[in-house]
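Asks: Predicted coordinates and the sequence they were generated for:
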Amino acid sequence: MPDTALLDGDVLSTVEPDAGGAQVWQRLGAAGVLRAQYRERTPTGLVADPGRLAATLRAVDARGDNGITLSVLVQSASALPILAAGTGPEFDQVADGDGEVALAATDAGAAGSDLTGLGTTVDIDGDSVRLDGGKRWVTTATRAAYFLVLARHRPGRHFTAFTWVLVPADAAGVRVTPATTTLLPGAGIGHVEFSGVRLPASAVLGRQGRGLALFARHMGTERLAGAQWAAALTSRVLAETREALLRREIDGRALWDHESVRQEFAACLVRVRALRALHESLGERVVAEHDATSAAILKASIGLTADEVLSRCARWRGADGFADDGLQLVRAEAAVFGIGGGVTELMLGAIADAAGPLLEDLRS
């Protein structure tokens, strides 16, 4: 098992700076880092180790490619844990870095948060299954070896009407189209169509009808990982911004010496430190107790912190922020924090619903 030093970045020191997401994933798998992110494997998937997951994301974020970090996050926090609920050899292949897996949950033409409205269907008939439908904005879609597809196996919106299906990317009837966006290119984002895809019954992952329950079990870990990445990204950007403020001058004085700048910078630093303290304190509740409210707090905190901090940093960089790799691009890419895994407004609604118990907890 790799030690903390490897998880803090040494394991990626031999990967070329311009390496793609597949190479980064392969290196993490070959070094044992991907497996080391988890404490145990259970019939319902993997149980994450919050500290090791955070260390992996910090190491990947340090490379400065938000798309690659997103792809590692989604696979580490959601896709790989769900894949572990299966019994085939695919988990070992992905965990060892010999292939990637894409989590295909959001349907084409449907709101991302409305999973019970899925139109993608799986017909389970004896020894075979047939899959039809489409998924959009799927991370790692353009390079995945497998797709984890959430599909409807019977009509209705009841949570027992949905099942996971593991689909090889090269199966007949699977078509991948790269997403038309210039943002997050390292994520391999694409749209996927499944047209009459026929697979053996063993392609059904986990128990039939337990798809949404399995998804919900691991969604909290993805929200925790999002907070960990947001803290790493904003910390890195603040450090880079401070160096720029020390170098840049107005009227013969470094921008850093202007009290208004120092006050605003300090406020950003407080927000980021609070976000890190929050994910460190709530991590165990999320992974061990599956506390949905704690996961919602983390997710909402990302949306309320990341854009504010990155916006201020981008403003301080002036015109340089609009360079091809400038902070305005980073800010645009970081908008995924407030959308992916549940929009901030939905998270705030869930927190308001739990206001009573949360207030009692604060007073205890």
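Replies: Thanks, I have it. Numbers count the residues shown, from 1 in each chain.
Asks: Show me the shaky parts of the stretch 51-200 of the chain.
Replies: Filtered on pLDDT under 70, the stretch 51-200 of the chain yields the residue ranges 109-117.
Asks: Please enumerate the strands of it.
Replies: Remark: strands assigned in the stretch 51-200 of the chain by DSSP state E, counting those that start in this stretch are 101-104, 121-125, 128-138, 146-152, 162-168, 174-178, 190-200.
Asks: next one: the stretch 251-364 of the chain
Replies: For the stretch 251-364 of the chain, the strands defined by DSSP E, counting those that start in this stretch cover 253-254.
Asks: coming back round to it: among the strands of the stretch 51-200 of the chain, which is the most enclosed?
Replies: Per residue and on average, the most neighbours among the strands of the stretch 51-200 of the chain fall to strand 101-104, with a mean of 28 (mean count of other CB atoms under 10 Å). To be clear about C-beta, it is placed using only N, CA and C from the backbone, and glycine gets the same treatment.
Asks: what about it, distance to the chain center?
Replies: 11 Å (CA atoms, centre = their mean, to the nearest Å).
Asks: One more: stretch 39-56?
Replies: Using CA atoms, centre = their mean, the distance between the centre of stretch 39-56 and that of its chain works out at 14 Å.
Asks: residues of that stretch that come out buried?
Replies: Neighbour-count burial for stretch 39-56, counted by 16 or more other CB atoms under 10 Å, picks out 44-50, 52-56.
Asks: And stretch 234-254, by the same measure?
Replies: Quick answer for stretch 234-254 (16+ other CB under 10 Å): 234-235, 237-238, 241-242, 244-245.
Asks: could you dump the buried residues of stretch 39-56 to a markdown table with distance to Ile250?
Replies: As requested, these are exported to a markdown table (distance: CB to CB, whole Å):
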| residue | distance to Ile250 |
| --- | --- |
| Thr44 | 57 |
| Gly45 | 54 |
| Leu46 | 51 |
| Val47 | 52 |
| Ala48 | 46 |
| Asp49 | 46 |
| Pro50 | 42 |
| Arg52 | 44 |
| Leu53 | 42 |
| Ala54 | 37 |
| Ala55 | 39 |
| Thr56 | 40 |
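Asks: Which two of these have the greatest separation?
Replies: Farthest pair in the buried residues of stretch 39-56 (CB to CB) is Thr44 and Ala55. Separation: 24.4 Å.
Asks: quick revisit: between the strands of the stretch 51-200 of the chain, which one is nearest to Glu345?
Replies: strand 128-138 (18.7 Å).
Asks: which stretches of the stretch 251-364 of the chain form helices?
Replies: All helices of the stretch 251-364 of the chain, identified by DSSP state H, counting those that start in this stretch, fall at 259-289, 292-316, 327-333, 344-353, 355-363.
Asks: Comparing those, which comes out most buried?
Replies: When those are scored by mean count of other CB under 10 Å, the highest mean neighbour count falls to helix 292-316 (a mean of 22).
Asks: can you state the direction angle for it and helix 355-363?
Replies: Using axes from the mean of the first three to the mean of the last three CA atoms, to 10 degrees, the inter-axis angle of helix 292-316 relative to helix 355-363 is 80 degrees.
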